[in-house]
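Chemist: heads up, no residue letters with this:
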């Protein structure tokens, strides 16, 4: 191993360490990305890539012409059209511990939602929160468009 | 206001009403800034229509039929349900709908008694699972191992895990990235066919696989 690889390995360990120590559980994965699309994580914008994990409290944001689609652990599917933003306020899918629920905040733009297993186990635990109303979901497919003030 | 003026005002109002009712009928109120539009859609694969409730402190509206829609804003009850045209849905939501990932696909593989060896029939299905995985640009897989109720439940948890690991190894051999497979065991706690304890039931000796 040459010096450059040692430095790279050291940097990798230093950068990876906090992520391992926090052990956040991923709630789903990005499956579809077109144009400008980002994960909003702890206030920072991370360019979205297919295959990437998303976590509770993450946001998704698209720019003009951007689109993004994710599949959550319970097989819920969610996608955003251009100029849109949502936040995964709560996602729990541990049926064995009776911990299931999904709260999605829709900040602006266009969103498509297809319910997953949580809707079958505990439909009352699902809420899509828009600025002017809350949508309770019994399944299965919904589209929401939020035009903020 | 004298009576002549009142008559003039009434006439003006009825003329205005006449003009308004003869004009192009707006089927639905267009959505404005500060408003949320919610529409219920049929499932793309099954055509099944679900149900949703749109509510705020001023009121609530049920969406129950295909393309039922309502507009909501803070301080006002959601508008009565109106049906959106397919063209309008496509215009407003086409981009978002095009970005929906493919639905998950499900498979079940069965195992021999007290063993992590697949039955002959199930072994032949592995190729189908692999082609479902290869059809996806960024696949991930969850394999949940199960057992029947023969034996001790702690041992069955281990057996369920071994079965799920067998499936993971087969899929990884077939080219799936190890980091894209999650392995779980439910042991004897989630029976497909409900039985009493200590019952050998081949249909409960399985691994359920979700490809997404």
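Modeler: That came in fine, so what should we check first? Predicted, not measured: the structure shown is a model, and the values here were computed from it.
Chemist: for the closest residue in space to residue B:195 that isn't next to it in sequence, what are its contacts?
Modeler: Distances taken as C-beta to C-beta, 6 or more residues apart in numbering or on different chains put residue B:201 closest to residue B:195, at 5.1 Å, once the chain neighbours are dropped. (Each C-beta comes from the backbone N, C-alpha and C, glycine too.) Applying C-beta atoms under 8 Å, 6 or more residues apart in numbering or on different chains to residue B:201 gives the contacts B:148, B:149, B:191, B:193, B:195.
Chemist: For PyMOL, what selects the buried ones among the residues you listed?
Modeler: For the buried members of the contacts of residue B:201, the matching PyMOL selection, counting by 16 or more other C-beta atoms under 10 Å in any protein chain shown, is:
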select buried, chain B and resi 148+149+191+195
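Chemist: how about the contacts of residue B:201, which pair is most distant?
Modeler: B:149 and B:193 (10.1 Å; C-beta to C-beta).
Chemist: any shared contact partners between those two?
Modeler: In contact with both residue B:149 and residue B:193: B:201, B:204, using C-beta under 8 Å, 6+ apart.
Chemist: helix or strand for residue 71, which one?
Modeler: Reading this off chain A. strand A:67-72 (DSSP states H and E).
Chemist: if you could check chain B rather than the one you did, that'd help
Modeler: strand B:68-72.
Chemist: Buried residues, that strand. List them.
Modeler: Result for strand B:68-72 [16+ other C-beta under 10 Å]: buried residues B:68, B:69, B:70, B:71, B:72.
Chemist: cool, stretch A:115-132 as well?
Modeler: Buried-residue list, stretch A:115-132, by 16+ other C-beta under 10 Å: A:115-119, A:122-123, A:125-132.
Chemist: Tell me the strands beside the strand holding residue A:71, with direction?
Modeler: strand A:26-34 (antiparallel), strand A:77-80 (antiparallel) (DSSP bridges).
Chemist: Run through who's touching it.
Modeler: Residues contacting strand A:67-72 (C-beta under 8 Å, 6+ apart): A:27-35, A:37, A:48, A:54, A:60, A:62, A:77-82, A:91, A:93, A:102, A:116, B:95-96, B:98-101, B:104, B:212.
Chemist: do the same with stretch A:82-91
Modeler: A:27-28, A:35, A:40, A:54-67, A:72-73, A:78, A:80, A:101-111, A:129, B:95-96.
Chemist: Going by residue numbers, what spans are helices in chain B?
Modeler: With DSSP state H as the criterion, chain B has helices at B:3-22, B:86-98, B:120-134, B:153-173.
Chemist: can you state the direction angle for the shortest one and strand A:67-72?
Modeler: If I follow you right, that is helix B:86-98. Using axes from the mean of the first three to the mean of the last three C-alpha atoms, to 10 degrees, the direction of helix B:86-98 lies 70 degrees away from that of strand A:67-72.
Chemist: tell me which strands and helices helix B:86-98 is in contact with?
Modeler: strand A:67-72, strand A:77-80, strand A:99-114, strand A:141-147, strand B:35-41 (3 or more C-beta pairs under 8 Å, 6 or more residues apart in numbering or on different chains; DSSP states H and E).
Chemist: Please name the bridge partners of residue A:32.
Modeler: Taking DSSP bridges as the rule, residue A:32 bridges to residue A:69.
Chemist: count of neighbours near it?
Modeler: 22 (other C-beta atoms under 10 Å in any protein chain shown).
Chemist: ok so, going back, in CSV: the helices and strands packed on helix B:86-98, plus mean neighbour count and distance to residue B:90.
Modeler: Below are these laid out as CSV (neighbours: other C-beta atoms under 10 Å in any protein chain shown; distance: least, C-beta to C-beta, whole Å):
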stretch, mean neighbour count, distance to residue B:90
strand A:67-72, 26, 15
strand A:77-80, 27, 15
strand A:99-114, 21, 12
strand A:141-147, 23, 11
strand B:35-41, 26, 11
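Chemist: So which of the ones you listed is nearest residue B:184?
Modeler: If you check each of the helices and strands packed on helix B:86-98 against residue B:184 by C-beta to C-beta, strand A:99-114 wins as the nearest, at 15.0 Å.
Chemist: relative orientation of the closest one and strand B:35-41 in degrees?
Modeler: 90 degrees.
Chemist: contacts for the helix or strand that comes right after strand A:99-114?
Modeler: Per DSSP H and E, the first helix or strand lying C-terminal to strand A:99-114 is helix A:117-121. The list of residues contacting helix A:117-121 from outside it, by C-beta under 8 Å, 6+ apart, reads A:74-76, A:93, A:95, A:100-102, A:125-126, A:137-140, B:50.
Chemist: hmm, 7 Å instead?
Modeler: A:74, A:75, A:76, A:93, A:95, A:100, A:101, A:102, A:125, A:126, A:137, A:139 (C-beta atoms under 7 Å, 6 or more residues apart in numbering or on different chains).
Chemist: The helix or strand harbouring the fourth one versus strand A:99-114: what angle between them?
Modeler: Secondary structure here is read from DSSP H and E; on that basis residue A:93 sits in strand A:85-94. The directions of strand A:85-94 and strand A:99-114 differ by 140 degrees, with the same axes, to 10 degrees as the criterion.
Chemist: mind listing what strand A:85-94 pairs with, with the direction of each?
Modeler: Partners of strand A:85-94 in its sheet, by DSSP bridges: strand A:59-62 (antiparallel), strand A:99-114 (antiparallel).
Chemist: Low-confidence stretches in the chain?
Modeler: Looking at chain A here, since you left the chain open. In the predicted model of chain A, residues A:1-24 satisfy pLDDT under 70.
Chemist: Please refer instead to chain B.
Modeler: B:1-29.
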